[in-house]
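A.B. asks: Quick one, what's the 3D model for this:
(2 chains)
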Protein chains: 2
Amino acid sequence: MSAERPKRPGLPIALDAAGGDHGAPPNVEGAVQAARAGVSVLLVGERVKLHAELGKHTGSGALPIEVIDAPDVIGMDEHATDVRSRAGASINVCTRLVKEGSAAAAVSLGHSGATMASALLTLGRIKGVDRPAILTHLPAQGGFTTLLDVGANADVRPQYLAQWARLATVYLRVVEDRDSPTVGLLSIGEEEHKGSQLVLEAHALLKALHGHGVNFYGNVEGRDIFAGTTDIVVTDGFTGNVVLKLAEGEAKVLFGWVRDALGQNLKSKLGGLLARDALRGLAERMDPSTYGASLLIGVRGLAFIGHGSADARAVKNALLRAERAHEARLIERLEAAFAASGPDRAEPASPTTPG
Amino acid sequence: MSAERPKRPGLPIALDAAGGDHGAPPNVEGAVQAARAGVSVLLVGERVKLHAELGKHTGSGALPIEVIDAPDVIGMDEHATDVRSRAGASINVCTRLVKEGSAAAAVSLGHSGATMASALLTLGRIKGVDRPAILTHLPAQGGFTTLLDVGANADVRPQYLAQWARLATVYLRVVEDRDSPTVGLLSIGEEEHKGSQLVLEAHALLKALHGHGVNFYGNVEGRDIFAGTTDIVVTDGFTGNVVLKLAEGEAKVLFGWVRDALGQNLKSKLGGLLARDALRGLAERMDPSTYGASLLIGVRGLAFIGHGSADARAVKNALLRAERAHEARLIERLEAAFAASGPDRAEPASPTTPG
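C.D. replies: Below is the predicted model of the structure:
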């Protein structure tokens, strides 16, 4: 797997190394792990602090890691729109490195709204895309389900959903080697005539796209996400965000209940002890760190947004994922797919004002 | 608990005994179990078939069960609007019995759209309620979370959410003895300024209702549903339906993975065997049958809608729940609460056309 891959001489990944609930430590540790696996990393943040953190990892001096000084950080409690006025903020430095061609991707576990705004302002949108979406993976029967939008757009138009279906299709094809990924439209019934006004209109657009860059399966329901009925599930950013947080919250509570049940009495405790290794593998499968970070898809450059609570493993996986997307030339492939305008532009797009 | 309760001389519950994926058998078996616990039941459906089913349960002749002939059933693949033209359909007979005061509640595991339409047409709405909602319970840390709407209204207005908050508050107070249940508004961030346009407007209405019949907590996120952050979570019927089906689907898949993990090797198998009883209690907690059926709240009469796939236990629990709501005079209490018009009527309600 990725750990075996020889070091690639290409571009480094810019990591917003001060971002996240735990500041520099998990970022630097994750960067060291990724660099050991062959990924070049630019650590963007307060130079002195980052060097001190790096010093804690023996042998890190020989790794392909460079520090770029950017002492200003947009805190979790500040406004996303602050990216407009604070050009030197670490996230802006990261996205600018991508824009200038000095970095392959920007990765941040910091303020997700600020990351989105910075990426959109600095990198712009892919031609033909009205709004970027946040794309993530959820564990599912048979592997994982790719879900978007999980929070970039609370109120959407039908054509956004159609565009996201096309973006996610290209993504799965070039980054995850899925030949003709199926797309489901999240609704409240499988029947074509069921759903909200938004879903009814999006359904018609997606049906027209079937065979033209999208393998449209039809409507799917909440239960299909974990059942893995389709490779991709498209929905608005409100529903998608609720789904993501519910899915993570439910898994956490259910595993807590399994733990409680196993601690109930001597017999169940012994059972739990014997089954421990098997259950641990399962917990890992459910751990959001496995996927590292979500992709802001639709902007003209790679930008990844992670959980603020992410650990070093999540940072490492996000960096590996960013490198893979870069190697696969994801942005170029997305632009090529959208160069020929498709029938999803049913109505003229409104101008986008980011933030 | 309910099983100990002495037989109540009041009204029987009308059960749409042909409804559901498995037809009469689970309905009749559930009715027999409920009748043994003291609930009087009217079995509505094809007389000959129901008597034959009843005959399979020894001693059922002595139970407070009556059969009402209604050979026409609205099938799962027919249209909800068929209730308009088929006055003799079993679900219409059930709701009419409630309207006439001959039954305390209508319970159906059949076509949920038809049940909603029939209840709305026959019983009408409580004064001050624009749209009825489907209210259900999800297991949560510390008990359960009451969620509405889980599917009656795909597109909603802010004032519906405010009305549902008031309805659910009365419900939990009178049926579940919760003194001042907290209400959370489902959104994509806890902050007041986050969310869709709908949520922003509903937030303002709910804030105005705080202290006036609603104990408004503020916005909650997907993760709060299983965490049990608030007693009640209000949302539109699209998001609520996705949440309900995702929650059920995820639990099913996760428990399947736990089972697989325990079957991995001899050691984990032995562990699973020892922990079996403890884990079984957990599976029961997650089983939708525990709650029996969802309540269509906002109509002028009690109507319960169950899973088409429900088993006898779910039918029994639905009947017990219906009886409890009747004993608690839920409808009268809801009407009283809405008699004094509240500040949620910020804009004039549009006329309701059911179906």
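A.B. asks: What does the residue lying closest to residue A:112 once chain neighbours are set aside show for phi and psi?
C.D. replies: Leaving aside its sequence neighbours, residue A:112 sits nearest to residue A:305 (Cβ to Cβ, 6 or more residues apart in numbering or on different chains; 4.9 Å). To be clear about C-beta, it is placed using only N, CA and C from the backbone, and glycine gets the same treatment. With angles defined as degrees, to the nearest 10, residue A:305 sits at phi -120, psi 120.
A.B. asks: Residue A:305 reaches residue A:117, doesn't it?
C.D. replies: No: using Cβ atoms under 8 Å, residue A:305 is not in contact with residue A:117, being 11.3 Å away.
A.B. asks: More neighbours: those two, which one.
C.D. replies: Neighbours were counted for residue A:305 and for residue A:117 using other Cβ atoms under 10 Å in any protein chain shown; residue A:305 has more, 30 against 23.
A.B. asks: For the more buried one, give the beta-bridge partners.
C.D. replies: Listed by DSSP bridges, the beta-bridge partners for residue A:305 are residue A:108, residue A:294.
A.B. asks: for residue A:186, same thing?
C.D. replies: On the basis of DSSP bridges, residue A:186 is bridged to residue A:220.
A.B. asks: Quick check: it vs residue A:155, distance?
C.D. replies: Taking Cβ to Cβ, to the nearest Å as the measure, residue A:186 falls 16 Å from residue A:155.
A.B. asks: which of the two has more neighbours?
C.D. replies: Neighbour totals were compared for residue A:186 and residue A:155, and residue A:186 leads with 27 against 15 (other Cβ under 10 Å).
A.B. asks: Excluding sequence neighbours, find me the nearest residue to whichever residue of the stretch 1-150 of chain A sits closest to chain B.
C.D. replies: Here the stretch 1-150 of chain A gets closest to chain B at one residue, residue A:141, 5.8 Å apart by Cβ to the nearest Cβ. Distance criterion Cβ to Cβ, 6+ apart; nearest residue to residue A:141, sequence neighbours excluded, is residue A:228 at 4.4 Å.
A.B. asks: How is chain A divided into domains?
C.D. replies: What automatic domain parsing lists as the domains of chain A is A:1-129+A:298-328, A:133-290.
A.B. asks: Need those in JSON lines (columns: mean pLDDT and distance to residue B:128).
C.D. replies: Shown next, in JSON lines, are the domains of chain A (pLDDT from 0 to 100; distance: least, Cβ to Cβ, whole Å):
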{"stretch": "domain A:1-129+A:298-328", "mean pLDDT": "90", "distance to residue B:128": "38"}
{"stretch": "domain A:133-290", "mean pLDDT": "91", "distance to residue B:128": "25"}
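A.B. asks: Take the ones you listed and lay them out in TSV including distance to residue B:233.
C.D. replies: Shown next, in TSV, are the domains of chain A (distance: least, Cβ to Cβ, whole Å):
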stretch	distance to residue B:233
domain A:1-129+A:298-328	23
domain A:133-290	10
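A.B. asks: closest one to residue B:62 among these?
C.D. replies: Closest of these to residue B:62 is domain A:133-290, at 40.1 Å (criterion: Cβ to Cβ).
A.B. asks: contacting residues for the residue nearest to residue A:141?
C.D. replies: A:140-145 (Cβ atoms under 8 Å, 6 or more residues apart in numbering or on different chains).
A.B. asks: go again using 10 Å as the cut-off
C.D. replies: Residue A:228 makes contacts with A:138-145, B:253, as judged by Cβ atoms under 10 Å, 6 or more residues apart in numbering or on different chains.
A.B. asks: what's the answer for residue A:144, then?
C.D. replies: By Cβ under 10 Å, 6+ apart, the contact set of residue A:144 is A:136-138, A:176, A:228, A:231, A:285, A:290-291.
A.B. asks: okay, and the common contacts of residue A:305 and residue A:117?
C.D. replies: Both residue A:305 and residue A:117 are contacted by residue A:111, under the criterion Cβ under 10 Å, 6+ apart.
A.B. asks: what about the residue nearest the centre of chain A, distance to residue A:237?
C.D. replies: The centroid of chain A falls nearest to residue A:294 when counting by Cα atoms, centre = their mean (0.8 Å). Separation of residue A:294 from residue A:237 (Cβ to Cβ): 12 Å.
A.B. asks: Same check on residue A:175?
C.D. replies: For residue A:175, the distance to residue A:237 (Cβ to Cβ) stands at 21 Å.
A.B. asks: Counting neighbours, go ahead and name the busier of these two.
C.D. replies: residue A:237 (23 against 18).
A.B. asks: just checking, the more buried one touches residue B:188?
C.D. replies: Yes: between residue A:237 and residue B:188 there is a contact at 7.3 Å, judged by Cβ atoms under 10 Å.
A.B. asks: Identify the contacts common to those two.
C.D. replies: In contact with both residue A:237 and residue B:188: A:150-151, A:154, B:196, using Cβ under 10 Å, 6+ apart.
A.B. asks: Please identify, among those, the one with the most neighbours.
C.D. replies: Of all the shared contacts of residue A:237 and residue B:188, the most densely surrounded is residue A:151 (25 neighbours; neighbours counted as other Cβ under 10 Å).
A.B. asks: Could you look up the SS state of the closest residue to that residue other than its chain neighbours?
C.D. replies: Of all residues not flanking residue A:151 in the chain, residue A:241 sits nearest, at 3.9 Å (Cβ to Cβ, 6+ apart). Under the three-state scheme (DSSP: H, G, I helix; E, B strand; the rest coil), residue A:241 adopts helix.
A.B. asks: residue boundaries of the helices in chain A?
C.D. replies: Here chain A has its helices, by DSSP state H, at A:24-36, A:47-55, A:90-99, A:112-123, A:158-175, A:197-209, A:222-227, A:237-262, A:266-286, A:312-327, A:330-339.
A.B. asks: Output the contacting helices and strands for the shortest one.
C.D. replies: It stands for helix A:222-227. strand A:133-140, strand A:143-148, strand A:182-186, strand A:232-234, helix A:237-262, helix B:237-262 (3 or more Cβ pairs under 10 Å, 6 or more residues apart in numbering or on different chains; DSSP states H and E).
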